[in-house]
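**Student:** Just a sequence and a predicted model for now, questions to come.
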Amino acid sequence: MTTGPATLAPRTLAPGVSEELAQRARAHLREAAGRAAAITYRELAEALGLTPPQTIRQVTEVLEELMREDAASGRPLLAALVVSRARGGMPAPGFFDCAQRLGRFDGPASGTEAWGFHEAELAAAIAFWSDAAQDAKRG
């Protein structure tokens, strides 16, 4: 079940997430949306040049930042493009937890409700962000 947008506090980046890192992640995911391609957490970490320790935690923090930005702007969640191989093409549970905190999802992080939410959010993100990429190219 999806609910309305959450009221968010003024923008503050999560510890360890720089404005530059968030911008690079958004740009990379917008390119993926333009190709209608989901990517893995590891692929995003490599694209951003993140290194151990806790590489996936770093990816998670930047994705949650992007989710907060998208929710605050009423946009589809670009982070829906990032999936886990271990979860069969679904995002990690943290994606669903963050979506709940933002008022975008109300349900468990697994099962048919999670699959449906992710599928819809992924389709919306690809449509929105690939259109946005095309608009930017047109000038």
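**Tutor:** All right, it came through fine. Model, not experiment: these values are computed from the prediction.

**Student:** so how far is the one helix or strand Arg42 maps to off the chain centroid?
**Tutor:** Applying DSSP states H and E as the criterion places Arg42 in helix 41-48. Its chain's average C-alpha position is 13 Å from that of helix 41-48, according to Cα atoms, centre = their mean, to the nearest Å.

**Student:** Please renumber the chain so that the first residue is 51 from this point on.
**Tutor:** I'll keep to 51 as the first residue from here, and by that count the last item is helix 91-98.

**Student:** name the helices or strands packed onto it?
**Tutor:** Applying 3 or more Cβ pairs under 8 Å, 6 or more residues apart in numbering; DSSP states H and E, we find helix 91-98 packed against helix 69-84, helix 105-123, strand 132-133. Any C-beta I mention is one placed from the backbone N, CA and C, and that applies to glycine too.

**Student:** looking at the ones you listed, which is buried most?
**Tutor:** strand 132-133 (a mean of 24; mean count of other Cβ atoms under 10 Å).

**Student:** re earlier: could you tell me the average pLDDT over the helix holding Arg92, please?
**Tutor:** In this model, helix 91-98 has a mean pLDDT of 96.

**Student:** Now do that helix: everything it contacts.
**Tutor:** With Cβ atoms under 8 Å, 6 or more residues apart in numbering as the test, helix 91-98 has contacts from 71, 74-75, 78-79, 89, 105-106, 108-110, 112-113, 132-134, 142.

**Student:** out of everything not next to it in sequence, what's closest to Leu172?
**Tutor:** Nearest residue to Leu172, sequence neighbours excluded (Cβ to Cβ, 6 or more residues apart in numbering): Ala130, at 4.5 Å.

**Student:** Who are the contact partners of the one you found?
**Tutor:** Neighbouring residues of Ala130 by Cβ under 8 Å, 6+ apart: Pro141, Phe145, His168, Glu171, Leu172, Ala174, Ala175.

**Student:** What of Thr90?
**Tutor:** Residues in contact with Thr90 (Cβ under 8 Å, 6+ apart) are Val132, Val133, Ser134, Arg135.
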